[in-house]
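Visitor: predicted model and sequence follow; I will ask about them next.
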Amino acid sequence: MTMIGSQISTGTITGDPFVYVLKSLPFQLYSIFAIILVGITIITGKDLKIMSSFIADDLTTIKTSLKKDDHTKKPRARNMICPTILLIISIFGILYITGKGNMSSGNGADAIFNGIIITLILTGIYYVFQGIVKPKVYIEWCIEGMAKFLQITIILVLAFALSNLMEKLNLGSYIAEMSTDMNPILLPAVIFLIGSIISFATGTSGGTTAILIPIAIPMAAKLGVDIHLIIGAVVSSAVFGDHCSPISDSTILASMISEVPVMNHVKTQIPYALISGGLSMAGFLIMGVLLI
């Protein structure tokens, strides 16, 4: 929303940033295809067999870790579901309050920050009440969790700085002027391809979005391409490359949380990511023909 808002403030596009985000959701093809593929795999019980060579070693590692954890209780789905629901309700509730009844006018940053604080506090009380963890240990969990996100925070801060620099240099407008001979039909697919490469190489979806938004939106505006489609292509490329990258913050965090080696996670995830990525590329080519 912040990066789209910058494009609105410069006059490249007009409207509400939150509305742009909402309307771009149907065009975030990679995320949609990935969720569908995972759902099919779970429902049918059939997979690409890529995980079979790693399962035994990973399960041994997890079981060993669980034995060392003095605070381990019998896992319950509600202990994950309830905090997640609480977080969603808190964020949208604060958006509604700060927007005075209109969530699209709410303060997104405040909603997320305060929503997380509320969720952490109430989840801590919920866990302590169940006897899952002692208050002191829960606080240590929170501090450890924040420490793991320090690297991500630094990456995003630098990415936003780079994004602001590109805006000051009018890089997006310059590239848009240089690309006037480009076929608009190909723009969504080209953006998706370039973004995927950047995201894979840098390992950051947020950074990729910050780099591409100031370039892609002016190009789309200049060539008459649907802005929501282009935002969807940018976000899709950022998530796709991020999923495939072994240096991705989310890949590393997912491996740490599930307590499996990073490269095991990468090798088992890439085939599924490539299938969803291939379908997304085809989808953006088709949408380029249909919507332009």
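Guide: Received the coordinates, thanks. Numbers count the residues shown, from 1 in each chain.

Visitor: only C-alpha atoms for contact and neighbour calcs from this point on.
Guide: Will do.

Visitor: for the stretch 51-200 of the chain, what spans make up the helices?
Guide: 52-68, 78-98, 108-130, 135-148, 150-168, 171-178, 187-202 (DSSP state H, counting those that start in this stretch).

Visitor: which of the ones you listed sits closest to Ile215?
Guide: Of all these, helix 171-178 sits nearest to Ile215, with 3.8 Å by C-alpha to C-alpha.

Visitor: thinking again about what came up before, deepest of the helices of the stretch 51-200 of the chain, which one?
Guide: Stretch with highest mean neighbour count among these: helix 187-202 (a mean of 22; mean count of other C-alpha atoms under 10 Å).

Visitor: now for Lys100: which residues touch it?
Guide: Contact analysis of Lys100 by C-alpha atoms under 8 Å, 6 or more residues apart in numbering lists Gly106.

Visitor: could you dump the helices of the stretch 51-200 of the chain into JSON lines and include distance to Gln7?
Guide: Shown next, in JSON lines, are the helices of the stretch 51-200 of the chain (distance: least, C-alpha to C-alpha, whole Å):
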{"stretch": "helix 52-68", "distance to Gln7": "46"}
{"stretch": "helix 78-98", "distance to Gln7": "22"}
{"stretch": "helix 108-130", "distance to Gln7": "17"}
{"stretch": "helix 135-148", "distance to Gln7": "31"}
{"stretch": "helix 150-168", "distance to Gln7": "9"}
{"stretch": "helix 171-178", "distance to Gln7": "10"}
{"stretch": "helix 187-202", "distance to Gln7": "17"}
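
Visitor: can I get the ones you listed in a markdown table with mean pLDDT and distance to Leu290?
Guide: Formatted as a markdown table, those follow (pLDDT from 0 to 100; distance: least, C-alpha to C-alpha, whole Å):
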| stretch | mean pLDDT | distance to Leu290 |
| --- | --- | --- |
| helix 52-68 | 56 | 41 |
| helix 78-98 | 91 | 34 |
| helix 108-130 | 90 | 33 |
| helix 135-148 | 87 | 43 |
| helix 150-168 | 71 | 31 |
| helix 171-178 | 64 | 22 |
| helix 187-202 | 89 | 12 |
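
Visitor: please look at Ile91 and Ile117 and confirm they touch.
Guide: No. Shown here, Ile91 and Ile117 do not form a contact pair, counting by C-alpha atoms under 8 Å, at 10.4 Å.

Visitor: hmm, back to that, out of the helices of the stretch 51-200 of the chain, which gets nearest to Ala221?
Guide: The closest of these to Ala221 is helix 171-178. By C-alpha to C-alpha, the value is 8.5 Å.

Visitor: output the longest helix belonging to this structure.
Guide: Secondary structure of the chain per DSSP state H: the longest helix is helix 262-291.

Visitor: and the closest residue to Met1 other than its chain neighbours, what is it in contact with?
Guide: The shortest distance from Met1 to any non-neighbouring residue, by C-alpha to C-alpha, 6 or more residues apart in numbering, is to Pro17 (5.1 Å). Residues near Pro17 by C-alpha under 8 Å, 6+ apart: Met1, Thr2, Ile4, Gly5, Ile8.

Visitor: of those residues - the most surrounded one?
Guide: Comparing the contacts of Pro17 by number of neighbours (other C-alpha atoms under 10 Å), Ile4 comes first, having 22 neighbours.

Visitor: ok, now how distant is the spatially closest residue to that residue that is not a sequence neighbour from Gly203?
Guide: Counting by C-alpha to C-alpha, 6+ apart, the nearest residue to Ile4 once its immediate chain neighbours are dropped is Pro17, at 5.7 Å. Here the criterion is C-alpha to C-alpha, to the nearest Å. By it, Pro17 lies 26 Å from Gly203.

Visitor: ditto for Leu95
Guide: 30 Å.

Visitor: swap in Ile213?
Guide: The gap separating Ile213 from Gly203 is 17 Å, by C-alpha to C-alpha.

Visitor: tell me which of those two has more neighbours.
Guide: The neighbour count for Ile213 versus Gly203, taken as other C-alpha under 10 Å, is higher for Gly203 (26 against 22).
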